[in-house]
Each structure stands twice: as C-alpha cells, then as structure tokens.
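A.B. asks: Provide a 3D model corresponding to the input given below.
(2 chains)
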2 protein chains.
Amino acid sequence: MQTTPAVTPPVKRGRPGYDQETVLQTAVEAFNEYGYDATSMGKLADRLGISKSAIYHHVPSKEDLLRLALDEALIPLESMIEQVHGHEGNADERLEFFLRSTVRILIAKRSYVTLLLRLRGNTELERAALQRRRQMDRELSQLVTLAQREGQLREDLEPRATARLLFGMINSVVDWYRLDGVIDAVTLENQAISLLFNGLHALPEDQTS
Amino acid sequence: MQTTPAVTPPVKRGRPGYDQETVLQTAVEAFNEYGYDATSMGKLADRLGISKSAIYHHVPSKEDLLRLALDEALIPLESMIEQVHGHEGNADERLEFFLRSTVRILIAKRSYVTLLLRLRGNTELERAALQRRRQMDRELSQLVTLAQREGQLREDLEPRATARLLFGMINSVVDWYRLDGVIDAVTLENQAISLLFNGLHALPEDQTS
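C.D. replies: Sure, this is the predicted structure:
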C-alpha cells in the first residue's frame, strides 16, 4: 500500500506506485459501487489518489479498463469450458465439473464477475461481452441436453431454462458470499452442487454425492 | 389503458395524458437501462415526451420515483410473507408456497424487482430497501431451519447459505425470463420448484411433486 509516493511523488511522469492490476481492481470496485457510466476517470483518479494523467499512463481509456476487467472474468470461464470439452467423463460428470468450476471462478474473480453480470449492453464492448456470456449459457444448456440423452439427468426439465436456473443460483454467489461469513468456500461449493443435483428433499443416501 | 388523452390532451397544466403508473413504469425502465444515478429527470422527460415540470406534476423528486418503484416490488413480497405466516401447512409446504409465490411476483413485477436487485445501497432510501430485502432472506432462512427441524428437509444444508442459493436461482428469473420465450410462466414455476426440491437427478417418482 505504498502511500509515500502519493504524498511526495518522485520526479517522474505518471506517478508510479500503482501497477495496472491495482488500477484495474480499484476501477472495478468503483464501477460496481457507482455504476460504470457514473464513474468518471476523474472520480477514479481521486479514489486512487493519483492524477488523471497517471491513470492514462496505465490505460488509454475508461473503456479499456472495462475491457480488461471483463476479460478477468470471461477468460477463466471460457478456459474452463475448454476443459469441459476435453473432460473424459460422461455428460453428468462434465456438468458437475462445469458447475463446480464456475463456483470457484466466481469466488476467485468476484468483483469482475459482478461487473459482467451487471452489464446492460449499452455499447459495442458490453454487447460483445454479453455475447460471450450467452455462449456459456448455450454450452451449459447443451450439456444438460446431453446428460438427459445419456439417461443421467431427469428428462422433464427444459434444458435452456434449466441452464439459466443453474447459472442463476451459482451466479448469485458473487452478490452475497463473504469469505468471513457463515460458510467456507469449499462447503459452499459442495452444498450448492448437492442442492442442484439432489434437491432440498434428498434422501439420506443421496447427501454424500 | 387511457390512450385517447395522450393523443388529444385536455387543456390543462403539465400535459397530463400520463398517469403516475405510466410515469413510474417508464422511469423504472430508464433506471434499469442507464442506472438510477445516470438517469436525470431531464432524460426521463425526453423519454416520456413531456416537460420536466410535467414530471414534477406527478412526483416531487427522482428519489420519490425510486421509492414508489421499490415499493411496487417490496410490498407484494412482504404481503406474501404475511401469507406464509398465516399458512396452515407444515414448514415444507410453507417453504414451497414461499418459493412459488416469489416466482409469480417476480414475473409480474419484473422491472421493479430488477431495480431492487441492482440497488447498491448508496443512499438512505436504498439502504432501507436493502434492509427490507435482508428481512426476506431471514424469513426464508428461518423457514429452511424449521423444515429441517420438522424432518421434511435434509439437515446437512446450512440454512442461511441455502436461503441465498434458493433466492439466487429464483431471482435470476427477472434477468432472463421472457413471456414469449421457450417456456411459459406456469411451466417455469413448476420446473424451478421441482428442481429445487428434487434436484437434477430426481428419481422418476419424484418428478411429479
């Protein structure tokens, strides 16, 4: 937390002391708190305690900050989907891997995923990110369909709506999960997965899966 | 749906032709599209095609619009919780009633609930609404605990995290459900409830509940 350079900056352009990652993390927190549109580069500079020109030393524009931030969420999720494609298990096991991995990424990348989930699609960049998000919905929906065909999953559930409901439960984690809360990350992951696969009424013998 | 006055307004101040409900609905759509902070009364007037003073004819301030809009979501939800308290069934039946009713209210009050779910708690009014939302989390969590104690619900799930996960799945409906989509509202409600109670792996005999 180098506070000294901010008070007595060394004779250099752009006041270093912040790396791009810190600027990005701070920007994302501000976007989540005030909304992207309502967060000016000036407001962001105030928050970092640096000048506007120092921010432009790190990134050319506010939109670039948004692009970088969205990639922080999207790239791990897309990479996880690649792993699902390469996974050797049956569709049901791949579905569990997909959902478990998503919980983990969401907890690890929480503020970035929050930003992604709140996008309204008002710009080309936002629409492109939402397009990538929809691709994940399709992947999950296809996996549900496949697991139904393979006979591991009940067949009465509409796959697209089911995919949305599954993501709905899991995505909510970014809104409410606290690392210092009532439940640790591993227990949360296990309980969410067991709830989705076995339900609230699960028989005792189902509760271990 | 008074359309006639909108076309040929009577000679009155403030260009009526919009009732408060229409102003409110339009305001909520704008808040959801641009964010509350980024939606000025001027922008809202443009969208309604009326003057700013005509809006003030309906509501004294933008914050009053927000208050009215949040009540559109919160009052039916709170009234539903009152019904849960008066419900004669066991805790498991009351839990199902709670979750089913929530799905229905969310579909009926979709744009208002979307606004509620996106609140950041930056003002006193927003914090008060979030407080009312947290009360619903507590009600749901207590109902989960009670159904566990009564032996109808598996006991390994942490009640507070479970309440959040249940709301997570159900609340997601406002983000993705379309009336003209792949699934009608009644089927969606039945599938979501069955998924939550019986899980993706439900045995055939469970699929009717």
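A.B. asks: what helix or strand is A:Gln142 on?
C.D. replies: Using DSSP states H and E, A:Gln142 maps to helix A:124-149.
A.B. asks: elements contacting that helix?
C.D. replies: Helices and strands touching helix A:124-149, by 3 or more C-beta pairs under 8 Å, 6 or more residues apart in numbering or on different chains; DSSP states H and E, are helix A:62-86, helix A:91-108, helix A:159-171. (Each C-beta comes from the backbone N, C-alpha and C, glycine too.)
A.B. asks: Could you list the low-pLDDT ranges of chain A?
C.D. replies: Counting by pLDDT under 70, the ranges of chain A that qualify are A:1-17, A:203-209.
A.B. asks: tally of neighbours for the nearest residue to A:Ser141 once chain neighbours are set aside?
C.D. replies: Nearest residue to A:Ser141 in three dimensions, chain neighbours excluded: A:Ala163, at 3.9 Å (C-beta to C-beta, 6 or more residues apart in numbering or on different chains). By the measure other C-beta atoms under 10 Å in any protein chain shown, the count of residues near A:Ala163 is 24.
A.B. asks: returning to that earlier point: identify, out of the helices and strands packed on helix A:124-149, the most deeply packed stretch.
C.D. replies: Most buried of the helices and strands packed on helix A:124-149, by mean neighbour count (mean count of other C-beta atoms under 10 Å in any protein chain shown): helix A:159-171, with a mean of 23.
A.B. asks: What helices and strands are in contact with it?
C.D. replies: Helices and strands touching helix A:159-171, by 3+ C-beta pairs under 8 Å, 6+ apart, are helix A:91-108, helix A:124-149, helix A:185-198, helix B:159-171, helix B:173-176, helix B:185-198.
A.B. asks: so what are the domain limits for chain A?
C.D. replies: What automatic domain parsing lists as the domains of chain A is A:4-59, A:67-206.
A.B. asks: how far is the last one from where the chain is centred?
C.D. replies: Relative to the centre of its chain, domain A:67-206 is centred 10 Å away, using C-alpha atoms, centre = their mean, to the nearest Å.
A.B. asks: measure A:Leu48 to A:Thr26 for me?
C.D. replies: Distance from A:Leu48 to A:Thr26, counting by C-beta to C-beta, to the nearest Å: 5 Å.
A.B. asks: again, but for A:Met80
C.D. replies: On the measure of C-beta to C-beta, A:Met80 and A:Thr26 end up 26 Å apart.
A.B. asks: again, but for A:Glu139
C.D. replies: Distance from A:Glu139 to A:Thr26, by C-beta to C-beta: 32 Å.
A.B. asks: picking up where we left off before, tell me which of the helices and strands packed on helix A:124-149 lies nearest to A:Glu150.
C.D. replies: The closest of these to A:Glu150 is helix A:91-108. By C-beta to C-beta, the value is 5.0 Å.
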